[in-house]
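Participant: next comes the sequence, and after it the predicted model I'd like to discuss.
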Amino acid sequence: MHTETVLFEKAEATVHQGDIIGIIGRNGAGKSTLLDILAGRRKPTSGSVWRSKTNQQTKLVEQENNIFSAKTTNAEEMQLRNLWKVPTGAYEAMSGGEKLKARLANGFASNADILLLDEPTNHLDEDSVRVLLHEIRESAKTFLIVSHDRYFLDQIATKIWSIEQNKLYTLTGNYTAYTAFREKKKAEQQHAYEKQQKRVKRAEEQMLFLQNWSTKAHMQSTKQEGAKEYYRKKAKRMDKQIKSKQKRLEKELDREKTEAAAPEQAVSFVLQHAGKVGKRFLACKDVAKIYENKALFKHVNFTVQYGEKINLLGANGSGKTSFLNMIVGKEDYLGEIWVAPTANIGYLSQNVYDLPLDKTPSDLFHRDTFAERGLVRNLLKQLGFETESWVLAIKDMSMGERVKLKLMQHILEEKDVLLLDEPTNHMDLPSREQLEKTLIAYKGTLIVVSHDRYFREKVTDAQLLIAEEIIQRRYGGDKTECNSDKETMRLQLDNERQEVLGKLSMMTAADTAYKELDKRFNELTKQMNDLN
């Protein structure tokens, strides 16, 4: 069964040379499809894309690509790969972050006038993001960047394009400026709608009054002897006034038609768990991982108790994903890893291609009873999927929707341990925020890999740090990550800046606290830039 979904329509926007445009929207809104159209890989259903030069070159750096040539094409690409610390081995053997950096280096070193970047900060560690920001700022290319990373967009975007309710909205400015603008516009739209509804109500009351007069006149025309003609004409005049009033109202509403501001689509999910707090879940004894005659880490010794929430941290290629695979028996290693025999582990890998792409959610979550199918469909809706997604092939879904399908598999089962490898990659902001709340409330054991410092700080309280061929066990989340006064200061500034930005995104410029928060946000941004 094939279903067609309108992603966006009547979209109009202009790209000027040197623009850095951030493209935002919910999972499945059509952001990657828009990039495919601009790259010439897909044709729009209607309309066209006009270019000022016939020989204009556009290059797309995809958010995920399992097939890519690791060979460098020129000296600039090699320099960028060295700057990003991309290994020289086979592409297939690289980590997710290394693969992305190889594709980014290829894109930046190309002759393209316009570079399209689809989620370029996914998988990247903080040093790599800093390099990316520098390369974008120094480049003469024009950029269109799809991203859910609001902090990245605030630092780099000169314009924002947002796909909302099948429409494309544009604004000059960064992400914070856009959210303030949209909240203001939504408030104005809702105010106009409420005013219109009051006018409609008054007009309807007047029409009801006239109809009552008309009905009364018609009744009198049948009762009054000798005056029937008078009341009949009076009733006709009333009918004429009602029709005239109704036509005027209809024209007025057509001319000033305003719809209520669309409410934000909520995302909600709950993870069940079996309580085993205090018992040992994992023990490592003299563990080592050797890859291509190089030790990723060795002499690893630590334990993890049930109920702990741990952040597994390390640079791209340090072995984070390998360590998670070792826990579930997907990769070999030296030494001993003991896992509690009763552990019910849910492993959310960062690979979005390991789902049966030709299947639909209906196939994937097949249930025998009507009640069970209703539960699954309700969960799809809570995760932000549209109704038609039930019969949509997974290969036609966005990367963010695929991640949420994988998460859904764990939600439907009672897992007491979750291993999450970059769970927020590809997720839209409402889904990220809901995942944060869910994992904070989750009483099971959590080991999470994430380059999103704000996310780590919220959901974890201990740390496993892979650095210099060892894995160190630390407590206190990210607060022990930094080993210099400068890094500690950057962390403190970044945490406060993210908190301020979160508050700003919920306000409009009309709010009394907005001006002071905006001023503080700019001060924090300047202080962070001074540290770089």
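Facilitator: Arrived safely, thanks for sending. These numbers come from a predicted model, not from an experiment.

Participant: low-confidence ranges in the stretch 51-200 of the chain?
Facilitator: Along the stretch 51-200 of the chain, segments meeting pLDDT under 70 span 70.

Participant: straight-line length of stretch 113-124, end to end?
Facilitator: One end of stretch 113-124 to the other measures 24 Å (Cα to Cα, to the nearest Å).

Participant: how far away is the nearest residue to Leu348 once chain neighbours are set aside from Thr172?
Facilitator: Leaving aside its sequence neighbours, Leu348 sits nearest to Leu420 (Cβ to Cβ, 6 or more residues apart in numbering; 4.7 Å). The C-beta positions use only the backbone N, C-alpha and C, and glycine is treated the same way. According to Cβ to Cβ, to the nearest Å, Leu420 stands 37 Å off from Thr172.

Participant: which one's more surrounded, the two?
Facilitator: The neighbour comparison of Leu420 against Thr172 (other Cβ atoms under 10 Å) goes to Leu420, with 23 against 13.

Participant: name the SS class of that one, please.
Facilitator: Using DSSP: H, G, I helix; E, B strand; the rest coil, the structure places Leu420 in strand.

Participant: you'd agree it is up against Thr445?
Facilitator: No. If you go by Cβ atoms under 8 Å, Leu420 and Thr445 don't touch, sitting 11.3 Å apart.

Participant: before we move on, which element is Leu464 in?
Facilitator: strand 462-467 (DSSP states H and E).

Participant: and the next element down the chain from that strand?
Facilitator: For strand 462-467, the following helix or strand on the C-terminal side (DSSP H and E) is strand 470-475.

Participant: so for that next one, mean pLDDT?
Facilitator: On average, the pLDDT along strand 470-475 is 81.

Participant: can you pull out the helices in the stretch 401-532 of the chain?
Facilitator: Secondary structure of the stretch 401-532 of the chain (DSSP state H, counting those that start in this stretch): helices at 429-441, 453-459, 485-504, 514-531.

Participant: need these in CSV (columns: mean neighbour count and distance to Ala192).
Facilitator: Compiled in CSV, those are given as follows (neighbours: other Cβ atoms under 10 Å; distance: least, Cβ to Cβ, whole Å):
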stretch, mean neighbour count, distance to Ala192
helix 429-441, 18, 26
helix 453-459, 20, 36
helix 485-504, 16, 25
helix 514-531, 14, 22
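
Participant: mean pLDDT for the ones you listed: which is lowest?
Facilitator: Among these, helix 485-504 carries the lowest mean pLDDT, at a mean of 62.

Participant: please report the distance of Arg453 from Ala13.
Facilitator: Taking Cβ to Cβ as the measure, Arg453 and Ala13 are separated by 32 Å.

Participant: repeat that for Arg520.
Facilitator: Look at Arg520 and Ala13: by Cβ to Cβ, they are 32 Å apart.

Participant: just Lys415 next, same as before
Facilitator: 43 Å.

Participant: neighbour count winner among the two?
Facilitator: The residue with more neighbours, out of Lys415 and Ala13, is Lys415; 23 against 13, by other Cβ under 10 Å.

Participant: ramachandran angles for the more buried one?
Facilitator: The phi/psi pair for Lys415 (degrees, to the nearest 10) reads phi -100, psi 130.

Participant: what sits opposite the closest residue to it other than its chain neighbours in the beta ladder?
Facilitator: Once flanking residues are discounted, Lys415 sits nearest to Gly346: 3.7 Å by Cβ to Cβ, 6+ apart. For Gly346, the beta-bridge partners are Leu418 (DSSP bridges).

Participant: tell me if I'm right that Gly346 and Glu413 touch.
Facilitator: Yes. Gly346 lies in contact with Glu413 (Cβ under 8 Å); the separation is 6.9 Å.

Participant: neighbour count winner among these two?
Facilitator: Set Gly346 next to Glu413 and count neighbours by other Cβ under 10 Å: Gly346 wins out with 21 against 10.

Participant: contacts only, for the more buried one.
Facilitator: Shown in contact with Gly346 (Cβ atoms under 8 Å, 6 or more residues apart in numbering): Gln409, His410, Glu413, Lys415, Val417, Leu418, Leu419.

Participant: so which of the residues you listed wins on neighbours?
Facilitator: Counting neighbours by other Cβ under 10 Å, the top entry in the contacts of Gly346 is Val417, with 25 neighbours.

Participant: hang on, it packs against Tyr442?
Facilitator: No. Val417 is beyond contact range of Tyr442, at 10.5 Å (criterion: Cβ under 8 Å).

Participant: list of residues touching stretch 349-360?
Facilitator: Contacts of stretch 349-360 from elsewhere in the structure, counted by Cβ under 8 Å, 6+ apart, are 64, 66, 96, 123, 321, 324, 363-364, 390-395, 399, 402-403, 405-406, 421-422, 425-426, 449.

Participant: one more pass at 7 Å, please.
Facilitator: Applying Cβ atoms under 7 Å, 6 or more residues apart in numbering, the contact partners of stretch 349-360 are 64, 66, 96, 321, 364, 390-395, 399, 402-403, 405-406, 421-422, 425.

Participant: from the residues you listed, which ones fall inside strands?
Facilitator: Under the assignment DSSP state E, those contribute Asp421 to strands.

Participant: report the buried members of the contacts of stretch 349-360.
Facilitator: Burial by neighbour count, 16 or more other Cβ atoms under 10 Å: within those this picks out 64, 96, 321, 390, 392-394, 399, 402-403, 405-406, 421-422, 425.

Participant: from those, which is closest to Thr88?
Facilitator: Top of the list for closeness to Thr88, among the buried ones among the contacts of stretch 349-360 and by Cβ to Cβ, is Gly96 at 17.6 Å.

Participant: just list the residues touching that closest one, thanks.
Facilitator: His123, Gln350, Glu422.

Participant: now do the contacts for Ala157.
Facilitator: Counting by Cβ under 7 Å, 6+ apart, Ala157 makes contact with Ile20, Ile21, Gly22, Asn174, Tyr175.

Participant: give me the secondary structure label for the closest residue to it other than its chain neighbours.
Facilitator: Leaving aside its sequence neighbours, Ala157 sits nearest to Gly22 (Cβ to Cβ, 6+ apart; 3.6 Å). Using three-state DSSP, the structure places Gly22 in strand.
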